[in-house]
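> output the structure for:
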Amino acid sequence: MAHVVPEPFNYLGFILVVVGAGLNIWTDALFKKEKTTVKPHEMPTTLLVSGPFKVSRHPMYLGMVIILLGLFLYLGSLITLVYPVVFFLLMEKLFIPVEEKNLEMSFGPEYHKYRAKVHRWI
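Alright, predicted model coming up:
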């Protein structure tokens, strides 16, 4: 297997894994605090717009992409770059459209206003 990220640069991947995990933990805590669902196919009860939601409409997916990119960097193998790309595409095509439709149905104009201000990813 070809390694495209040599030492010591591959250790930057560890930092990304920690950042991505921290983002996911922070986001999950907000979902729990507001007592709304994290499941994309369920109807949300609260529109989250604070914390990481000020920067990304889907910070948990962003956190996972950051983790997967970190693993790619850390492992240094080109094949591991497939995972963040596939995850990103699956979220874009299968999960985010459903989630955003539910948010639109639940919060209407309030969600439209939020969506106009905050990007889907970053």
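
> quick check: the residue nearest to Pro44 when sequence neighbours are not counted vs Asn102, distance?
Spatial nearest neighbour of Pro44, excluding adjacent residues (Cβ to Cβ, 6 or more residues apart in numbering): Thr36 at 5.0 Å. The C-beta positions use only the backbone N, C-alpha and C, and glycine is treated the same way. For Thr36, the distance to Asn102 (Cβ to Cβ, to the nearest Å) stands at 11 Å.

> wait, the residue nearest to Pro44 touches Phe53, no?
No. Contact criterion Cβ atoms under 8 Å: Thr36 and Phe53 do not qualify, at 11.6 Å.

> quick one, helices of this protein?
Under the criterion DSSP state H, the chain contains helices at 12-34, 59-75, 82-90, 96-117.

> which residues touch Tyr74?
Each residue near Tyr74 by Cβ atoms under 8 Å, 6 or more residues apart in numbering is listed here: 5, 10-11, 13-14, 17.

> swap the cut-off to 6 Å and go again
Tyr74 makes contact with 10, 13-14, according to Cβ atoms under 6 Å, 6 or more residues apart in numbering.

> for the residue lying closest to it once chain neighbours are set aside, report the pLDDT, please.
The spatially closest residue to Tyr74, leaving aside those adjacent along the chain, is Gly13, at 3.0 Å (Cβ to Cβ, 6+ apart). Here the pLDDT value assigned to Gly13 is 97.
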